[in-house]
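**Q** Predicted model and sequence follow; I will ask about them next.
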Amino acid sequence: MYLRVDNARRLSANELDSWAGLLRVHGTITRQLDGDLVERHGISLSDYDVLVFLANSPNRRMRMSELADSVLISQSGVTRLVDRLVRRGLVEREPCPDDRRGAFAVLTDAGYAKLVEAAGTHVADVRARFLQHLTDEEQYVLARLWERILPGTSETFSRLKPHPG
């Protein structure tokens, strides 16, 4: 619960409903999506996000720093995640020829196959757990609101091709 503060710093009921609703919906749906992907395909939602961004990058490769920015996790977090994907043969790591400290994450054919396998589950789950509760018009409005809150949000995903599969 929120700490009691003076009225000037307290969220109104409407503000609290908006903010807490976003947090609860996001947390609940992402846990559900993650659980379904792990159970049915042996990959997490974070793994899936990495595979999607790599699949949509030129030559299926991204600098590790760019990948971290794209999937919204820290540099050390993406390093650990990619290391797990490398051990599973879904991603390879290649040194960056013009930056000895830099590295690329490269999607393997096995990684692409895993992405194609999991895409149907993910898309169906996103529709069932989120999109079906909104009309087309509400989805449009919501997308515009996200863009107002964080400009460039839609640009991140508009460059992605539709999910494979």
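**A** Cool, the structure landed.

**Q** shaky segments in the chain?
**A** 1-8, 156-165 (pLDDT under 70).

**Q** which stretches of it form strands?
**A** Under the criterion DSSP state E, strands of the chain are mapped to 61-63, 91-96, 99-107.

**Q** Output the second one in CSV with nothing but the alpha carbons.
**A** These are the backbone C-alpha positions of strand 91-96, laid out as CSV (Å, rounded to 0.1, in the frame of the first residue of the first chain):
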residue,chain,number,x,y,z
VAL,A,91,21.7,-17.7,-30.3
GLU,A,92,25.4,-17.3,-31.0
ARG,A,93,27.7,-14.6,-29.8
GLU,A,94,30.1,-13.0,-32.2
PRO,A,95,32.8,-10.5,-31.5
CYS,A,96,32.4,-7.0,-33.0
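
**Q** mind giving me JSON lines with the strands of the chain and columns for distance to A113?
**A** (Each C-beta comes from the backbone N, C-alpha and C, glycine too.) Below are the strands of the chain laid out as JSON lines (distance: least, CB to CB, whole Å):
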{"stretch": "strand 61-63", "distance to A113": "17"}
{"stretch": "strand 91-96", "distance to A113": "13"}
{"stretch": "strand 99-107", "distance to A113": "10"}
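
**Q** Please identify the deepest-packed of those strands.
**A** Highest mean neighbour count of the strands of the chain: strand 61-63, a mean of 18 (counted as mean count of other CB atoms under 10 Å).

**Q** Nearest the middle, which residue of the chain would you pick?
**A** D49 (4.6 Å; CA atoms, centre = their mean).

**Q** give the contact list for that one.
**A** Residues near D49 by CB atoms under 8 Å, 6 or more residues apart in numbering: S70, V71.

**Q** Buried residues, the longest helix anywhere in the chain. List them.
**A** Ranked by residue count under DSSP state H, the longest helix found in the chain is helix 13-41. By 16 or more other CB atoms under 10 Å, the buried positions in helix 13-41 come out as L33, D34, D36, L37, H41.

**Q** Which other helices and strands does that helix contact?
**A** helix 45-55, helix 109-129 (3 or more CB pairs under 8 Å, 6 or more residues apart in numbering; DSSP states H and E).

**Q** would you list the ones you listed in CSV and tack on distance to A20?
**A** What follows is these, written out as CSV (distance: least, CB to CB, whole Å):
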stretch, distance to A20
helix 45-55, 22
helix 109-129, 19
